[in-house]
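Visitor: Just to be clear, the model below is a prediction. Sequence and coordinates:
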Amino acid sequence: MIFYRILFGSYCKHNFDDAEETVDNYLAALAGNGQINKDYTIVSWQKQVTAYIKAVGLEADQLKSHSAYGKERLKEVENFFKRKPTWYYNEDFPPKQKAVWKNASFLYLFTPSYLPGTPLYRGDNNDAIPLYRVPITDSERESIYLWQQYYRDCDNIWTKNGKLEINAYRMLADPKSELSRRGRELCLAIEKATKTPTYYYLMRFFGRKHKDEAQRKCPGCGNSWKVEHAHPQIRFCDFYFQCSHCRLVSHLANGTVNSRYAKIGEYTNSESD
């Protein structure tokens, strides 16, 4: 993530509410396209409108990175302020290289609530790939953004340990849940566009005894999916489980052994489950 300050200009001939709405519409379009984090701040100082944002990667400010919707909202900003917005680095050491998806052995989709930014990563070096660099459609990018918010909502509910904790965990850990189905469909869209295998990450917290847990089958097809060369403690992308047929990856359970909940996300040949 790269911290920026964006200067939009003066709103002397208008009120701040109109200026804020115009800027907010533009920034929301950038967030939906995977260019910036959704948590931005718009402020007024001496009738100058400034926004503080976190960009997901280099070139997020450039027109070529905008969606068609973002370009429309940018024109509205320019018409309102009679100038183009100016982006300023607010970091001493911004990244010098941009992360790319090309030549990756595989990609994976993962987006917990504690990890801001893009939900797409390289499976060989764990580099985060900004969605605006991926050659999918604007609508697919927007769908990934909405799925990302849905996933993070479920993750937040699960970690809060309330009455909906297990229901939320099921959404994260079950490959047949609504959340997982939507995510896996988006993985297919990314794979089709990039010609790069794209996997969906399945949460696994509740597990069984170590030996049984290590030998569990792919929850999608029931085949063996253990990766013998994996080193789970070195990098997140060194997955313990990976199924090339179902395009699923996961780790060993990292929570307390709990046979009651360990069955969530495990393989079953019952069509009703």
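Guide: Perfect, I can see it now. No experiment lies behind these values; they were computed from the predicted model shown.
Visitor: what's the spacing between stretch 186-196 and its chain's center?
Guide: Remark: stretch 186-196 is offset 15 Å from the chain centroid, using Cα atoms, centre = their mean, to the nearest Å.
Visitor: same question but for stretch 243-262, I mixed them up
Guide: With Cα atoms, centre = their mean, you get 20 Å for stretch 243-262.
Visitor: Okay, now the unreliable bits of the stretch 1-150 of the chain?
Guide: 94, 96 (pLDDT under 70).
Visitor: Tell me where it has strands.
Guide: Taking DSSP state E, counting those that start in this stretch as the criterion, the stretch 1-150 of the chain carries its strands at 2-10, 41-45, 48-55, 86-89, 107-109, 120-122.
Visitor: Would you mind confirming that residue 253 makes contact with residue 213?
Guide: Yes - counting by Cβ atoms under 8 Å, residue 253 does reach residue 213; the two are 5.5 Å apart. The way it works is simple: take the backbone N, C-alpha and C, and place the C-beta from them, glycine included.
Visitor: on that earlier part again, in JSON lines: the strands of the stretch 1-150 of the chain, plus mean neighbour count and distance to residue 79.
Guide: Shown next, in JSON lines, are the strands of the stretch 1-150 of the chain (neighbours: other Cβ atoms under 10 Å; distance: least, Cβ to Cβ, whole Å):
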{"stretch": "strand 2-10", "mean neighbour count": "18", "distance to residue 79": "12"}
{"stretch": "strand 41-45", "mean neighbour count": "12", "distance to residue 79": "18"}
{"stretch": "strand 48-55", "mean neighbour count": "20", "distance to residue 79": "14"}
{"stretch": "strand 86-89", "mean neighbour count": "13", "distance to residue 79": "16"}
{"stretch": "strand 107-109", "mean neighbour count": "24", "distance to residue 79": "37"}
{"stretch": "strand 120-122", "mean neighbour count": "25", "distance to residue 79": "33"}
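Visitor: need those in TSV with distance to residue 167, can you?
Guide: Listed next are the strands of the stretch 1-150 of the chain as TSV, based on distance: least, Cβ to Cβ, whole Å:
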stretch	distance to residue 167
strand 2-10	36
strand 41-45	33
strand 48-55	31
strand 86-89	42
strand 107-109	22
strand 120-122	26
